[in-house]
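Visitor: Coordinates for the following, if possible.
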Amino acid sequence: MVTLTNNIEIKIFPTANDLFQFGANDFKNRAIAAVNAKGNFSVVLAGGNTPKLFFDILTSVEDYKKNIPWQQIQFFFGDERYVSSADEKSNYHTAYEHLFSKVPVNSKNIFRMPTELDNSEDVAKSYEQTLRQTFKIKDDAFPDFDLVYLGLGDNAHTASLMPSSDLVKHFVNHSLTNNNQLVASLYVSELNMNRITLTPPAINNAKAIIFLVTGANKANAVHEVLEEKLDPIHYPAQLIHCIQGKTIWYLDRLASTTLSFPTV
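Guide: Below you'll find the predicted structure:
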């Protein structure tokens with residue numbers, strides 16, 4: 001483990017499997033602790049392909065299937081593609097196929113982004129209202145998720161905070177703490193797709209943030225975010241800093257090879 005600052009830690013694992021095995025046990029411990037303390041555990045799931053192995057471990061190990069308090073976990077999403085929830089590109093679809101359909105979650109505790117609405121802006125507005133109602137917070141407050149999982153793109157984006165996008169520029173040019181927007185939509189021209197994402201301040205107010213990053217194709221982005229000069233317009237993941245707790249990076253060896261400090 002490497003500690004960069006008081007609230008940023010990096011954990012490097014020999015393989016992606018080692019990373020997700022550790023992550024699954026950590027998820028179990030965090031869920032049990034939160035449920036014992038306050039009766040529920042609120043977690044934001046990352047999108048893309050990276051969480052699939054994580055989900056598969058959670059649903060294949062008997063200890064996790066039996067002893068994680070699935071019924072008391074509230075599941076949210078950090079971002080979503082503006083596609084049907086049945087579409088294979090949907091982050092909800094991935095979570096359903098690899099997680100929700102295999103463990104005894106309470107369907108009422110799954111808060112997906114309602115991509116069946118007429119446009120992505122309406123989806124963002126609806127999801128923001130869902131968050132405010134679920135966490136019982138006013139318009140000037142942020143949800144305090146127990147845990148937010150994030151991935152990292154090879155272009156240094158996280159959630160759907162895309163480099164040089166108007167959305168990222170807005171949060172770079174305005175105070176992250178004074179902007180109360182929780183959810184936003186954007187059009188990603190490179191992908192010809194609308195997306196919906198939690199905003200940086202909504203993510204940063206979580207009690208803990210964990211990046212899950214694997215593969216050699218992510219190594220340059222890891223270096224850019226963690227060791228290059230502050231330039232969040234080009235490296236949007238630099239906008240993420242946990243306010244209440246720690247920002248923790250789980251990296252496999254391949255994703256850590258460009259870092260300047262010793263790795264496994």
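
Visitor: hey, what's Ala208 bridged with?
Guide: Counting by DSSP bridges, Ala208 is bridged to Lys246.

Visitor: How much space separates it from Tyr149?
Guide: 10 Å (CB to CB, to the nearest Å). Yep, even glycine has a C-beta here, placed from its N, CA and C like the rest.

Visitor: now swap in Pro232 and tell me
Guide: 20 Å.

Visitor: Who has more neighbours out of those two?
Guide: More neighbours surround Tyr149 than the other of Pro232 and Tyr149, with 23 against 20 (other CB atoms under 10 Å).

Visitor: That one against Ala206, yeah?
Guide: No - between Tyr149 and Ala206 there is no contact under CB atoms under 8 Å: 9.9 Å.

Visitor: what sits in contact with each of those two?
Guide: Val44 (CB atoms under 8 Å, 6 or more residues apart in numbering).

Visitor: distance between the strand or helix carrying Ile248 and the chain's centre?
Guide: According to DSSP states H and E, Ile248 maps onto strand 246-252. The chain centroid and the centroid of strand 246-252 are separated by 12 Å under CA atoms, centre = their mean, to the nearest Å.

Visitor: Can you tell me what sits against it?
Guide: By CB under 8 Å, 6+ apart, the surrounding residues in contact with strand 246-252 are 7-16, 18-19, 22-23, 208-215, 222, 226, 240-241.

Visitor: can you check stretch 212-227 too?
Guide: Under CB under 8 Å, 6+ apart, the answer for stretch 212-227 is 4, 10, 16, 19-20, 23, 46, 50-51, 54, 149-156, 234-235, 237-238, 249-252, 254-260.

Visitor: Over to stretch 229-237?
Guide: Contacts for stretch 229-237 (CB under 8 Å, 6+ apart): 150, 152, 156-158, 161-165, 168-169, 171-172, 211, 221, 224-225, 228, 238-239.

Visitor: and these, which are buried?
Guide: Neighbour counting with 16 or more other CB atoms under 10 Å marks 150, 152, 156-158, 161-163, 165, 168, 171-172, 211, 221, 224-225, 238-239 as buried within these.

Visitor: So which of those residues belong to strands?
Guide: 150, 211 (DSSP state E).

Visitor: Take the buried ones among the contacts of stretch 229-237 and keep only those in helices.
Guide: Counted as lying in helices by DSSP state H, out of these, are 168, 171-172, 221, 224-225.

Visitor: Pick out the most distant pair among those.
Guide: Phe171 and Ala221 (18.8 Å; CB to CB).

Visitor: At which residues are the helices of the stretch 51-200 of the chain located?
Guide: 51-60, 62-67, 91-95, 120-135, 166-173, 200-204 (DSSP state H, counting those that start in this stretch).

Visitor: which one of those is the most hemmed in?
Guide: Comparing these by mean neighbour count (mean count of other CB atoms under 10 Å), helix 200-204 comes out on top with a mean of 25.

Visitor: Distance from the chain centre to it, please.
Guide: Relative to its chain's centre, helix 200-204 lies at 10 Å (CA atoms, centre = their mean).

Visitor: Let me see the contact set for Ile73.
Guide: 31, 35, 40-43, 105, 109.

Visitor: would you turn those residues into a markdown table with secondary structure, neighbour count and distance to Leu117?
Guide: Converted to a markdown table, the contacts of Ile73 look like this (DSSP: H, G, I helix; E, B strand; the rest coil; neighbours: other CB atoms under 10 Å; distance: CB to CB, whole Å):
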| residue | secondary structure | neighbour count | distance to Leu117 |
| --- | --- | --- | --- |
| Ala31 | helix | 22 | 31 |
| Val35 | helix | 17 | 32 |
| Asn40 | coil | 15 | 27 |
| Phe41 | strand | 25 | 28 |
| Ser42 | strand | 23 | 23 |
| Val43 | strand | 20 | 24 |
| Val105 | coil | 20 | 24 |
| Asn109 | helix | 18 | 21 |
